[in-house]
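Asks: Take this sequence and fold it.
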Amino acid sequence: MSRVKRGVTAHAKHKKVYKAAKGFYGRRKNTIRAAKPAVEKAQQYAFRDRKRKKRTFRALWIQRLNAAVRPFGLTYSRFIDGLAKSGITVDRKVLSDLAINEPASFQAIAEKAKAALAAA
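Replies: As a prediction, the model looks like this:
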């Protein structure tokens, strides 16, 4: 059986790790023994944070909505309850965007929600 030399394969694998470790500090960017675990850990963080990003943005939209409805004498939870009772189905991302970019439209929605709460 012939001998298989793996220099080319190993070099290619290392090159892939070094490319992923570009920008890392110290030995983590140019030594395979330090770069490999650093890249693996970075990929774990990236996977986790792709999920976390969705939660973070939803929390941001909710905070913005809470701040936007306070001048109308509502809290976030009462506002969402009013929207549900009035039959308005607009998601939090769009509502947050409206509150920032089109205050007149958002005010109309807030008034409808407030009216629905008063009627119920």
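Asks: Distance check, the most centrally placed residue in the chain against residue 76.
Replies: In the chain, the C-alpha nearest the mean C-alpha coordinate belongs to residue 53, at 2.3 Å (C-alpha atoms, centre = their mean). For residue 53, the distance to residue 76 under the criterion C-beta to C-beta, to the nearest Å works out to 21 Å. For the C-beta atoms, the positions are set from N, CA and C on the backbone; glycine is no exception.
Asks: What residues of the helix or strand where the residue nearest to the centre of the chain lies count as buried?
Replies: Here residue 53 sits within helix 32-69, counting by DSSP states H and E. By 16 or more other C-beta atoms under 10 Å, the buried positions in helix 32-69 come out as 35-36, 38-39, 61-62, 64-65, 68-69.
Asks: any chance of these in TSV, with pLDDT and distance to residue 105 too?
Replies: TSV is the format used below for the buried residues of helix 32-69 (pLDDT from 0 to 100; distance: C-beta to C-beta, whole Å):
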residue	pLDDT	distance to residue 105
35	98	51
36	98	52
38	98	48
39	98	47
61	98	16
62	98	19
64	98	15
65	97	14
68	97	12
69	97	14
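Asks: Provide a list of residues in contact with the closest residue to residue 22 other than its chain neighbours.
Replies: Nearest-residue entry for residue 22: residue 29, 6.6 Å, with adjacent residues in sequence omitted and distances by C-beta to C-beta, 6 or more residues apart in numbering. Contacts of residue 29 were listed using C-beta atoms under 8 Å, 6 or more residues apart in numbering, and they are 18, 21-23, 35.
Asks: of the residues you listed, closest to residue 108?
Replies: residue 23 (47.7 Å; C-beta to C-beta).
Asks: Where does pLDDT dip in this structure?
Replies: Confidence mapping of the chain against pLDDT under 70 gives zero matching residues.
Asks: elements contacting the helix or strand harbouring residue 19?
Replies: When elements are defined using DSSP H and E, residue 19 is found to belong to helix 7-20. The elements that helix 7-20 packs onto, with contact taken as 3 or more C-beta pairs under 8 Å, 6 or more residues apart in numbering; DSSP states H and E, are helix 32-69.
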